[in-house]
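In: got a predicted model here, sequence first, then my questions.
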Amino acid sequence: MLFLVQFLLSGIITGLLFPPFFLLPIGFIIYPFLFYLLNSKEYMSLSYPFHFLSGLLYGLGLLTILLVWIKEPFLLDSFTKKFSILSYLLIFYCSLYFGLSFLILKYFTNPISKFIILPVIFVANEILIANVVYGFPWISHSLILSSNPLAFSTIYFWGTYGLSYVTITFFLFPAIFLFCKNVKFKIILTIYFIVFIFISTSSILRSNKLDNVNVKKIKISLAQMNFSLNHKQNLDDLNVKYEKILDVIRENASDILIFAENNFPYLVKDNQEILSLQNNLQQNTHLIIGSTRKENDKFYNSLYSINNDTIHTFDKQILVPFGEFIPFRRFLKFMEIIAGSTDFALGEGQRIVGINDELNFIPAICYEIIFFWKLINDENNNADFIINLTNDSWFGQLSGPYQHFYLSRLRAAEFNKPLIRVSNNGISAAIDNYGNIIDYIELNKKEVKEINIQIPELKNNFIYYHRFIFYFFILLFLMGLFLNKKNDT
């Protein structure tokens, strides 16, 4: 029983490494302690089901802290409030993967092999959770270092999963000294020391911006309107929102003016509904705004890109289950208060939108930004920057909006592209291609902020090489198996 309590508490404490807490020093204590527990002779003598339960409780502790915001959409309406307990099914489901990982770790009886395997298994958790069923890439150890561009700059070279591995191993490093009398462990220590020197050097080179190039300079405006999520708004309420949007448009002379996801208050059935926005634009100002549109009896969560002459639409291609569509709708009618009575349709087409002949961007609506492997491809790899429209009002005010922001921030450094993020209630920000925050608007604040950003003409990145991290994980896993087998022999 003591082990179960220790693993549960370890998970809770691990959750404090993630945003918005960022209590990073405890990482050097909690990961070695977790390693110590996993190698305890008494614990190793216990059954496989007990190890699975230990991992399940560790996952429940961690994810209860990390995903504490998951119940917030249920709390927006008095009717769905009583069903908020159902939100914890996601926490329980994701915790099952930690139970499975602890089950696998029991097989490795050699501390050296377990040291090698533990970070790989935890990253494998991330990969499975991100891809099984609808996928939920929110759970990523890369978030732990996302507050410091120097620390997370390795994402440029190694990708999101590589950064997660580096993060776990970094905090696990003191565990080596628990077994420092072992000669083989000293060899492992030397190897990891060399690897981390290399990683640190690459981070410093990246952060020092040795790839300085010519830049395009543009002026953008972030319009954080902080509109209410009240579902019972009448036409007068919608008209008030519309007039507020028009006032901002009339007064703005930036190169690009950007509103948030679904800020346009009316359903768009054809472009006639938004012609007034186009007609009120100042000359040479480009407008980006989110809206719900209807076409051929299908509803789309859309981004509108508008200048004085043209209107372009991008439809969201990665939908939120139970938010934009309801699986098994006939059995979950009560969820319609949150997700609506009709499912949204998947968008099609290339994920790239032109501003003019010399400037274009990668659009990402809401939590599309966390599906990093689905955002960039041959067609848009040379895009100038990323625009993420979102409405984080659904996530409450504690951790959800911050985690979404930091997950978005990682994409800028990973893809080597500036990122412009506008959320209805915040956090809205302009982030350069190194992951540095140029400027931002605080959470739950109404503000229009004008920012000058620089778009590098050189857009080199390593995204096509990030897949090699999987071969590295396979190599480490095989090495762990070999050392473990040798130990048994």
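Out: Perfect, I can see it now.
In: tell me the mean pLDDT over stretch 53-60?
Out: Averaging pLDDT along stretch 53-60 yields 98.
In: run the chain-centre distance for it.
Out: For stretch 53-60, the separation from the chain centroid amounts to 23 Å (computed by CA atoms, centre = their mean, to the nearest Å).
In: likewise for stretch 239-252?
Out: Distance of stretch 239-252 from the chain centroid (CA atoms, centre = their mean) equals 31 Å.
In: so which bits of that stretch are buried?
Out: 241-242, 244-245, 248-249, 252 (16 or more other CB atoms under 10 Å). C-beta here means a position set from N, CA and C on the backbone, and glycine is covered the same way.
In: over to stretch 227-237?
Out: F227.
In: that stretch: end-to-end distance?
Out: Terminal residues of stretch 227-237 are spaced 10 Å apart (CA to CA, to the nearest Å).
In: and what of stretch 386-394?
Out: One end of stretch 386-394 to the other measures 23 Å (CA to CA).
In: just the pLDDT for T154.
Out: Reported pLDDT for T154: 88.
In: please look at it and T201 and confirm they touch.
Out: No: between T154 and T201 there is no contact under CB atoms under 8 Å: 10.4 Å.
In: quick one: which of the two has more around it?
Out: More crowded of T154 and T201, by other CB atoms under 10 Å: T154, with 23 against 10.
In: need the contact list for that one.
Out: 162-163, 166, 199, 202-203, 206 (CB atoms under 8 Å, 6 or more residues apart in numbering).
In: out of those, who's nearest L34?
Out: L34 lies nearest to V166 out of the contacts of T154, by CB to CB, at 17.3 Å.
In: could you measure that closest one against G15, distance?
Out: The gap separating V166 from G15 is 20 Å, by CB to CB, to the nearest Å.
In: can you list which of the buried residues of stretch 239-252 are found in strands?
Out: Of these, none are assigned to strands by DSSP state E.
In: is it possible to get JSON lines of the residues you listed that adds pLDDT and distance to L67?
Out: Shown next, in JSON lines, are the buried residues of stretch 239-252 (pLDDT from 0 to 100; distance: CB to CB, whole Å):
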{"residue": "K241", "pLDDT": "94", "distance to L67": "31"}
{"residue": "Y242", "pLDDT": "95", "distance to L67": "35"}
{"residue": "K244", "pLDDT": "96", "distance to L67": "33"}
{"residue": "I245", "pLDDT": "96", "distance to L67": "33"}
{"residue": "V248", "pLDDT": "96", "distance to L67": "34"}
{"residue": "I249", "pLDDT": "96", "distance to L67": "37"}
{"residue": "N252", "pLDDT": "94", "distance to L67": "37"}
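In: farthest-separated two in those?
Out: Within those, two members stand farthest from each other by CB to CB: K241 and N252, at 16.8 Å.
In: check which helices and strands the helix or strand hosting F299 sits against.
Out: For F299, the host element (DSSP states H and E) is strand 298-306. Applying 3 or more CB pairs under 8 Å, 6 or more residues apart in numbering; DSSP states H and E, we find strand 298-306 packed against strand 286-295, strand 311-315, strand 353-356, strand 359-365.
In: can you tell me what sits against the second one?
Out: Applying CB under 8 Å, 6+ apart, the set of residues contacting strand 311-315 from outside is 271, 274, 278, 293, 300-306, 345-349, 351, 353-354, 363, 365.
In: and the helices in the stretch 351-489 of the chain?
Out: 400-415, 468-488 (DSSP state H, counting those that start in this stretch).
In: winner for burial among these?
Out: Most buried of the helices of the stretch 351-489 of the chain, by mean neighbour count (mean count of other CB atoms under 10 Å): helix 400-415, with a mean of 25.
In: in the stretch 101-250 of the chain, where is pLDDT below threshold?
Out: Where the stretch 101-250 of the chain drops to pLDDT under 70, the residues are 179-186, 188-189, 192-193, 200, 207-213, 230-232.
In: can you map out the helices along the stretch 151-300 of the chain?
Out: Using DSSP H, counting those that start in this stretch, the helices of the stretch 151-300 of the chain run over 155-172, 183-207, 235-251, 275-279.
In: turn those into JSON lines, including distance to F259.
Out: Shown next, in JSON lines, are the helices of the stretch 151-300 of the chain (distance: least, CB to CB, whole Å):
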{"stretch": "helix 155-172", "distance to F259": "28"}
{"stretch": "helix 183-207", "distance to F259": "32"}
{"stretch": "helix 235-251", "distance to F259": "7"}
{"stretch": "helix 275-279", "distance to F259": "10"}
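In: can you say which of those helices is packed in most?
Out: For those, the largest average neighbour count (mean count of other CB under 10 Å) is found in helix 155-172, namely a mean of 25.
In: how big is the angle separating it from helix 400-415?
Out: 120 degrees (axes from the mean of the first three to the mean of the last three CA atoms, to 10 degrees).
In: hmm, back to that, which residues are contacting the strand holding F299?
Out: Outside strand 298-306, the residues that touch it by CB under 8 Å, 6+ apart are 261-262, 264, 268, 274, 277-278, 281, 286-294, 311-316, 319, 324, 342-345, 347, 353-355, 363, 365-366, 387, 389.
In: tell me the SS of the nearest residue to F371 once chain neighbours are set aside?
Out: Nearest residue to F371, sequence neighbours excluded (CB to CB, 6 or more residues apart in numbering): I318, at 5.4 Å. The three-state label given to I318 by DSSP: H, G, I helix; E, B strand; the rest coil is coil.
In: what's the local residue count around I318?
Out: When counting by other CB under 10 Å, one arrives at 19 neighbours for I318.
In: pLDDT value on it, please?
Out: 95.
In: what's the answer for F325, then?
Out: For F325, the model assigns a pLDDT of 83.
In: look up how far F299 lies from the nearest residue to it once chain neighbours are set aside.
Out: Nearest residue to F325, sequence neighbours excluded (CB to CB, 6+ apart): D343, at 3.8 Å. Plainly put, D343 is 8 Å away from F299 if you go by CB to CB.
In: common neighbours of the two, please.
Out: By CB under 8 Å, 6+ apart, no residue touches both D343 and F299.
In: which residues are in contact with Y406?
Out: With the criterion set at CB under 8 Å, 6+ apart, Y406 makes contact with 19, 143, 146-147.
In: change it to 10 Å
Out: Applying CB atoms under 10 Å, 6 or more residues apart in numbering to Y406 gives the contacts 18-20, 22, 140, 142-147, 152, 427, 435.
In: ok, of those residues, which one's closest to L235?
Out: Nearest to L235 among those, counting by CB to CB, is I427 at 30.9 Å.
In: I'd guessed that closest one sits against D439; true?
Out: No: I427 is beyond contact range of D439, at 11.3 Å (criterion: CB atoms under 10 Å).
In: picking up where we left off before, which among the contacts of Y406 end up buried?
Out: Buried residues within these, counting neighbours by 16+ other CB under 10 Å: 18-19, 22, 140, 142-146, 152, 427, 435.
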